[in-house]
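[1] Here you go, sequence then predicted model.
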There are 2 protein chains.
Amino acid sequence: MVRAQQKRTLETRARLIAASEEIIEKRGFEELRVEDVVLLAGTAKGTFFAHFKDKDVLMDLIIGGRIDQHLDGLEALAVPNTVEELVEALMPLSDFMTSERYVFDLILRYSGAAAVEEIGHIALTFGRQIEILERWLAKAPFRQDITPALQAEGVQAFLTQAMATNFCALHNTQTMQTRLMPYLTAWLKP
Amino acid sequence: MVRAQQKRTLETRARLIAASEEIIEKRGFEELRVEDVVLLAGTAKGTFFAHFKDKDVLMDLIIGGRIDQHLDGLEALAVPNTVEELVEALMPLSDFMTSERYVFDLILRYSGAAAVEEIGHIALTFGRQIEILERWLAKAPFRQDITPALQAEGVQAFLTQAMATNFCALHNTQTMQTRLMPYLTAWLKP
DNA sequence: CTCCATTATTGACCATGGTCATTTTAGTAA
DNA sequence: TTACTAAAATGACCATGGTCAATAATGGAG
């Protein structure tokens, strides 16, 4: 017989997440330690891992949530009509994604689902991002010879490339905008 | 007074690398344990970290070496004249890069140098890859409205995107070739 | 209300990467 | 050959993520 999840479980989980958010707020994602989370939440270490398969799963959850907020922001925007507007619209998201090296690496690692049964939050946001871009590009006055879906995948590829390059000490002299502009212009213009 | 590096140092380093290669050969990159390396090489654990700042630096060295071999292979090839040929030429490299999830993640993490003074092997191979592509694309009959350098960066971006997507359980029904073809056709064709 | 199967929690313990004060060795100047 | 010093090697120890057998709490059946 399968029983419903207890109230207690949800409370514990909420406390663990709240403690994590608090630590991230104060010290950043990279500095989060499971021991500290557990101490602040008032649970045992084992409890943490009963709720989250590993530390990365918690991070996937929290970072995925932040990305979703940014995507909400994107959806509230008017459809961009120029490459400039598209680039500008993507900046808040890209700023968050590159706010910490640790965050960027984790996002890349979790951007694809390792198995169908374990699609993580970040992987879902990547799908959602493609959908939003696709909708935009279907209405935007760019090239017509390829599908909006393919255009969207390209935008995602170039955004990732631009973020990665901007982390590189050899190349981070430009802003994200000036880096992304030539890519997307060459990719989207008829 | 600064003394020259001792012969002993080079020998120890060589033994550590040889032991690592042997373990990787047998069990794969992901299964490499510093303890095992050190045991096989007959040194103390501390010695390992006197030679390599951390485990990732060793991996960067070995994986960078493998990528370089593949780039040697590319340079031995005739300049591709079609997108098909280009895609085909890139397959051995992409096969290696995606041979293990661990390898792919590490490559992404080290594809850019964190600081100018610490450019790793993998970061160098990314630069070299761009140079090769740039030379190819300058001679290939593709679009003429953007520089070969920009074309090359785009190819790298799409290759990365294709590899990442193929790791994703939701999308890995296609081969690398059929995934990469539409990207590069849309990117390179006049 | 009591019993008890199921679910949740616990914390001692493990695995593994990484540190550093101490010891050993190589090579040079006398 | 000896004495000496910088470089190299050592291994006990630490930090941190993660496991699991044992224990406790929950809530439904009777």
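    Sure, I can see it.
[2] May I have the secondary structure class of the residue nearest to the spatial centre of chain A?
    The centre of chain A sits closest to A:Ile67, judged by C-alpha atoms, centre = their mean, with a distance of 4.1 Å. Look at A:Ile67: counting by DSSP: H, G, I helix; E, B strand; the rest coil, its state is helix.
[3] from memory it sits against A:Met97, does it?
    Yes. Using C-beta atoms under 8 Å, A:Ile67 is in contact with A:Met97, at 7.5 Å. In short, each C-beta sits where N, CA and C put it, glycine included.
[4] what does chain A put close to chain B?
    Within chain A, the positions adjacent to chain B are A:101, A:105, A:108-109, A:111-116, A:119, A:123, A:127, A:145-146, A:150, A:153-154, A:156-158, A:160-161, A:164-165, A:167-171, A:182-183, A:186-187 by C-beta under 8 Å from any C-beta of the partner chain.
[5] Okay, helices next: where are they in chain A?
    Using DSSP state H, the helices of chain A run over A:7-27, A:34-41, A:45-51, A:55-75, A:83-97, A:101-110, A:121-139, A:148-167, A:176-188.
[6] closest one to B:Phe52 among those helices?
    helix A:101-110 (19.9 Å; C-beta to C-beta).
[7] sorry, back to before: and B:Thr9, which of the helices of chain A is closest to it?
    helix A:101-110 (31.3 Å).
[8] Against which helices or strands is that closest one packed?
    Contact analysis of helix A:101-110 by 3 or more C-beta pairs under 8 Å, 6 or more residues apart in numbering or on different chains; DSSP states H and E lists helix A:55-75, helix A:83-97, helix A:121-139, helix A:148-167, helix B:101-110 as its packing neighbours.
[9] Sketch out the low-pLDDT regions of chain A for me.
    A:1-5, A:113-117, A:171 (pLDDT under 70).
[10] domain assignment for it?
    As given by automatic domain parsing, the domain ranges for chain A are A:1-52, A:54-188.
[11] which one of those is the most hemmed in?
    Most buried of the domains of chain A by mean neighbour count (mean count of other C-beta atoms under 10 Å in any protein chain shown) is domain A:54-188; its value is a mean of 18.
[12] is it true that A:Phe52 touches A:Met59?
    No. The criterion here is C-beta under 8 Å, and A:Phe52 misses it with A:Met59 at 9.1 Å.
[13] what's the spacing between the residue nearest to A:Val87 when sequence neighbours are not counted and B:Ala44?
    Distances taken as C-beta to C-beta, 6 or more residues apart in numbering or on different chains place A:Leu180 nearest to A:Val87, at 5.0 Å, with adjacent residues excluded. From A:Leu180 across to B:Ala44, the span is 48 Å (C-beta to C-beta, to the nearest Å).
[14] Next up, phi/psi of A:Leu32, please.
    phi -70, psi 130 (degrees, to the nearest 10).
[15] Assess the claim that it and A:Ile23 are in contact.
    Yes. Under the criterion of C-beta under 8 Å, A:Leu32 makes contact with A:Ile23 at 5.2 Å.
[16] if we can go back for a sec, same list (the helices of chain A) but as TSV, adding distance to B:Arg27.
    Shown next, in TSV, are the helices of chain A (distance: least, C-beta to C-beta, whole Å):
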stretch	distance to B:Arg27
helix A:7-27	34
helix A:34-41	28
helix A:45-51	26
helix A:55-75	23
helix A:83-97	34
helix A:101-110	22
helix A:121-139	28
helix A:148-167	30
helix A:176-188	40
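[17] mind putting those helices in JSON lines, distance to DNA strand C included?
    What follows is those, written out as JSON lines (distance: least, C-beta to the nearest atom of the strand, whole Å):
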{"stretch": "helix A:7-27", "distance to DNA strand C": "3"}
{"stretch": "helix A:34-41", "distance to DNA strand C": "8"}
{"stretch": "helix A:45-51", "distance to DNA strand C": "2"}
{"stretch": "helix A:55-75", "distance to DNA strand C": "13"}
{"stretch": "helix A:83-97", "distance to DNA strand C": "24"}
{"stretch": "helix A:101-110", "distance to DNA strand C": "14"}
{"stretch": "helix A:121-139", "distance to DNA strand C": "21"}
{"stretch": "helix A:148-167", "distance to DNA strand C": "19"}
{"stretch": "helix A:176-188", "distance to DNA strand C": "30"}
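[18] and B:Ala19, which of the ones you listed is closest to it?
    helix A:101-110 (27.7 Å).
[19] now what about that closest one, what contacts it?
    With contact meaning C-beta atoms under 8 Å, 6 or more residues apart in numbering or on different chains, helix A:101-110 is reached by A:28-30, A:56, A:59-60, A:63-64, A:67, A:96-98, A:120-123, A:160, A:163-164, A:167, B:105, B:108-109, B:114, B:164.
[20] run the last query once more with 7 Å
    A:29-30, A:56, A:59-60, A:63, A:97-98, A:120, A:122-123, A:163, A:167, B:105, B:108-109 (C-beta atoms under 7 Å, 6 or more residues apart in numbering or on different chains).
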